[in-house]
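Asks: coords please:
(one chain, ligands or ions: 1)
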Amino acid sequence: VKTHQILRNKGENVYCISPEATLADVVSKLVDKNCGSLLVMNGDKVAGIITERDILRACAADERPLSKIRVIEKMTVDVVIGSPDEDVNTVMGTLTEKRIRHLPIVEQDRLVGIISIGDVVKAQVDHLAMENHYLKSYIHS
Ligand code: AMP
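Replies: Below is the predicted model of the structure:
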């Protein structure tokens, strides 16, 4: 299974936020969109990524209320990205090795979607279920 096949099913939608927004805005959007990360965009350029983990760290380490902390202070600037023709097994390796759960997918400088660890697990489960189905019908034929 390739990442573009996962994106075909889940869509190319990537939820974004501005670097000048606050962490309170991030929390609202994560809850509203029911997701775990937002890509930080400066116009049409990727400036970073911010996830629920960063919110947790800010809560633990920063005295200020979330409405007083800017995204730019807490985001990760060096964004690890994947490509549409990458195999799901490779993506699993990247997510595990880098200890991240979100991988934006970029094709020739164009953002084409984001894959979460949940999407990877779903793809594997679907794949195994299908394989199991065919093996059973093969055994019983
Ligand atoms: P996560 O497990 O995805 O919630 O993220 C854990 C930490 O890694 C957070 O500090 C994120 O900002 C960061 N992070 C998540 N995804 C990426 C990514 N694709 N590239 C770089 N950093 C990331």
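Asks: in the sheet, who's paired with the most centrally placed residue in the chain?
Replies: Most central in the chain under C-alpha atoms, centre = their mean is residue 102, positioned 2.8 Å from the mean C-alpha point. Going by DSSP bridges, residue 102 is paired in beta bridges with residue 116.
Asks: for residue 29, what are its contacts?
Replies: For residue 29, the contact set (C-beta atoms under 8 Å, 6 or more residues apart in numbering) comprises 15, 17, 38. Using the backbone N, CA and C atoms, a C-beta is placed for each residue, glycine as well.
Asks: let's see that with 10 Å instead.
Replies: Applying C-beta atoms under 10 Å, 6 or more residues apart in numbering to residue 29 gives the contacts 15-17, 21, 35, 38, 50.
Asks: hmm, back to that, the residue nearest to the centre of the chain against residue 38, yeah?
Replies: Yes. Counting by C-beta atoms under 10 Å, residue 102 touches residue 38, with 9.4 Å between them.
Asks: can you list residues touching both of the two?
Replies: 14, 49-52, 114.
Asks: how about the strands of this structure, start to end?
Replies: Taking DSSP state E to define them, one finds strands in the chain at 16-17, 37-42, 45-51, 102-107, 110-116.
Asks: if I look at the residue located most distally from the centre of the chain, how far off is residue 128?
Replies: No residue in the chain sits farther from the centre than residue 141, which is 41.6 Å out by C-alpha atoms, centre = their mean. For residue 141, the distance to residue 128 (C-beta to C-beta, to the nearest Å) stands at 20 Å.
Asks: how much space separates residue 23 from the ligand?
Replies: 12 Å (C-beta to the nearest ligand atom, to the nearest Å).
Asks: check the contact between that residue and residue 51; I expect there is one.
Replies: No. Using C-beta under 10 Å, residue 23 is not in contact with residue 51, being 11.5 Å away.
Asks: all set now, cheers.
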